[in-house]
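# Give me the fold of what follows.
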Amino acid sequence: MDRSTGSGLSFAKRIYLPRSIGLGIGFFCVAAAMWPLQPAPWVWALLLFNGFLWPHLAFQWARLSPMPFKSERRNLLIDSVFGGFWAAAMQFNVLPTVTILAMMAMNNIAAGGGRFFLKGSLAMFSGMALALPTFGPAFSPDTSMLQLYACLPMLVLYPLALGWVSYRLSIKLAEHKQALRAVSRTDSLTRLYNHGHWKDLLQREFDKCRHGQQRATVALIDVDHFRSINDNHGHLVGDSVLRLLSERLVRSLREEDLAGRYGGDEFCVILPSTPPVLAAEVMERLRVELAEVRSELAPQLQITLSIGLAGYSPRQLDASHWLRDADQALYQAKHQGRNRVVMASEAAG
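Now for the predicted structure:
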């Protein structure tokens, strides 16, 4: 993950809302504990800054930084320093202190796991060490009703805000995972299934046929004289031919048919619930249609196909035998002069 630019800024944006809510309502939690202690005006000014100005300043600091991710992690440690400072300043009043430090710890774990939690804890102790010389060591075990009610919004609203951000992040991660899964199964040039995933689908369809759930046919398609196309017209034309074939193939097939790029200039198709005779009609239409298509990069080029078909047979021991039958039929199509569709006999394999 590139944490120096885009993803780092996204991280800062995710932290911005929980920090703004948490520090805003945390102001009232700390203020209720500080009020009986009658602190100096500068303490109130610092508390106002921390509660209502610092969240926006921290976000701008991260947003304008050349490395937003590192900048935002630094901001989280500063949050922890402030949290420790206020814990000591309000004489470790039990409920406000536990509330503030627990929310800080939860934020650090959510942002960076166990290791960052330890760093945040050290930052909290640093904040306490900064406050103790000024306010002196003291402990307030009693919590008033005012302080209790002032802490309730922090205990309710902040976890909700953090939970909402975590939920949105999980949705995005699920979308990214789905996109990566699709990319891992797809050929980049043709947008059809790649060789590995198509072979997995072939095994699945073979198992269905083996258990009597359906009949199916496999087709192997080869672009005739593709090497000559590359040699005489260039690889850009060759790539355009493969894309044209994949587009026409998708248009010719049903939604349940499974098309892939087997490798190089070979394509492969599984046609579930389709006997070889009907599959041959589909492939023949494809062959005829593609012969009439012209690439914009080479209008004079005529594209022809050799296609081999093999229906499922109980004599086939496994999916590789089924594929071998289709490959033998493709070999026969080439041997007989190319530009044709040939079906393997059931005796093949």
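# Tell me which stretches of the stretch 201-349 of the chain form strands.
216-223, 258-263, 266-272, 305-311, 340-343 (DSSP state E, counting those that start in this stretch).
# so who does the residue nearest to P39 when sequence neighbours are not counted touch?
Leaving out its chain neighbours, the residue that sits closest to P39 by C-beta to C-beta, 6 or more residues apart in numbering is A89, at 7.2 Å. Quick note: C-beta positions are derived from backbone N, CA and C, even for glycine. A89 is in contact with V30, M34, P39, V43, A131, T134, F135, counting by C-beta atoms under 8 Å, 6 or more residues apart in numbering.
# Show me what the helix or strand bottoming out on mean pLDDT in the chain is packed against.
Least confident helix or strand, the chain: helix 145-185 with a mean of 81, by mean pLDDT, DSSP states H and E. Packing partners of helix 145-185 (3 or more C-beta pairs under 8 Å, 6 or more residues apart in numbering; DSSP states H and E): helix 6-34, helix 94-135.
# So which of those is the most surrounded?
helix 6-34 (a mean of 21; mean count of other C-beta atoms under 10 Å).
# Dump the helix or strand just after that helix to CSV, keeping only the CA atoms.
Note on helix 6-34: by DSSP states H and E, the next helix or strand toward the C-terminus is helix 41-48. What follows is helix 41-48, C-alpha atoms only, in CSV (Å, rounded to 0.1, in the frame of the first residue of the first chain):
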residue,chain,number,x,y,z
PRO,A,41,-7.3,30.8,32.2
TRP,A,42,-4.5,29.4,30.1
VAL,A,43,-5.7,25.9,31.0
TRP,A,44,-9.2,26.7,29.7
ALA,A,45,-7.7,28.2,26.5
LEU,A,46,-5.6,25.0,26.0
LEU,A,47,-8.7,22.8,26.6
LEU,A,48,-10.7,24.9,24.1
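# for helix 41-48, packing partners?
Helix 41-48 packs on helix 6-34, going by 3+ C-beta pairs under 8 Å, 6+ apart.
# Identify the residue nearest F82 in space, chain neighbours excluded?
N50 (5.2 Å).
# Now do A179: how many residues are near it, please.
10 (other C-beta atoms under 10 Å).
# no, scratch that, I was asking about V183
10.
# again, but for K172
12.
# and Q214, what does it touch?
Taking C-beta under 8 Å, 6+ apart, one finds E205, K208, P272, S273 in contact with Q214.
# List only buried entries from those residues.
E205, K208, P272 (16 or more other C-beta atoms under 10 Å).
# ok, the first one touching P272?
In this case it means E205. Yes - if you go by C-beta atoms under 8 Å, E205 and P272 touch, sitting 6.1 Å apart.
# Now for the two: what residues contact both?
Q214, A216, L258.
# from those, which single one is nearest V241?
For those, the minimum distance to V241 (C-beta to C-beta) is 21.8 Å, reached by L258.
# which one is that closest one nearest to, not counting chain neighbours?
L258 sits nearest to I270 (C-beta to C-beta, 6+ apart), 4.2 Å away.
# Redo the contacts of Q214 as a markdown table? Include distance to R285 and pLDDT.
Output for the contacts of Q214, formatted as a markdown table (distance: C-beta to C-beta, whole Å; pLDDT from 0 to 100):
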| residue | distance to R285 | pLDDT |
| --- | --- | --- |
| E205 | 22 | 93 |
| K208 | 26 | 92 |
| P272 | 18 | 94 |
| S273 | 18 | 92 |
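# Low-confidence stretches in the stretch 1-150 of the chain?
1-7 (pLDDT under 70).
# Ramachandran coordinates for the residue of the chain positioned farthest from its centre?
For the chain, the largest distance from the centre (C-alpha atoms, centre = their mean) belongs to Q38, which lies 52.1 Å off. Q38 adopts backbone torsions of phi 50, psi 60, taken as degrees, to the nearest 10.
# quick check: domain ranges of this protein?
6-183, 195-343 (automatic domain parsing).
# From the chain's centre, how far out is the first one? Work that out for me.
On the basis of C-alpha atoms, centre = their mean, to the nearest Å, domain 6-183 is displaced by 29 Å from the centre of the chain it belongs to.
# bridging residues for the nearest residue to A326 once chain neighbours are set aside?
In space, and not counting its chain neighbours, A326 is closest to A310: 3.9 Å by C-beta to C-beta, 6+ apart. Using DSSP bridges, the beta-bridge partners of A310 come out as V218.
# So what's the predicted local confidence for A310?
Listed pLDDT for A310 reads 95.
# and which of the buried ones among the contacts of Q214 is nearest to R287?
Out of these, the member with the shortest distance to R287 (by C-beta to C-beta) is P272, at 21.1 Å.
# Correct me if wrong: that closest one contacts E256.
Yes - if you go by C-beta under 8 Å, P272 and E256 touch, sitting 5.6 Å apart.
# and for stretch 90-101, what are the contacting residues?
So stretch 90-101 is contacted by 26, 29-30, 32-34, 37, 83-84, 86-87, 124, 135, 138-143, 147-148, 150-151, 154-155 (C-beta under 8 Å, 6+ apart).
# Apply 6 Å and report the result again.
29, 33-34, 83, 87, 138-141, 143, 147, 151, 154 (C-beta atoms under 6 Å, 6 or more residues apart in numbering).
# likewise stretch 268-283?
198, 205, 214-220, 256-260, 262, 307, 309, 311, 341, 343.
# what about it, how long is it end to end?
11 Å (C-alpha to C-alpha, to the nearest Å).
# Can you give me the buried ones in that stretch?
In stretch 268-283, counting by 16+ other C-beta under 10 Å, buried: C268, V269, I270, L271, P272, T274, P276, A279, A280, V282, M283.
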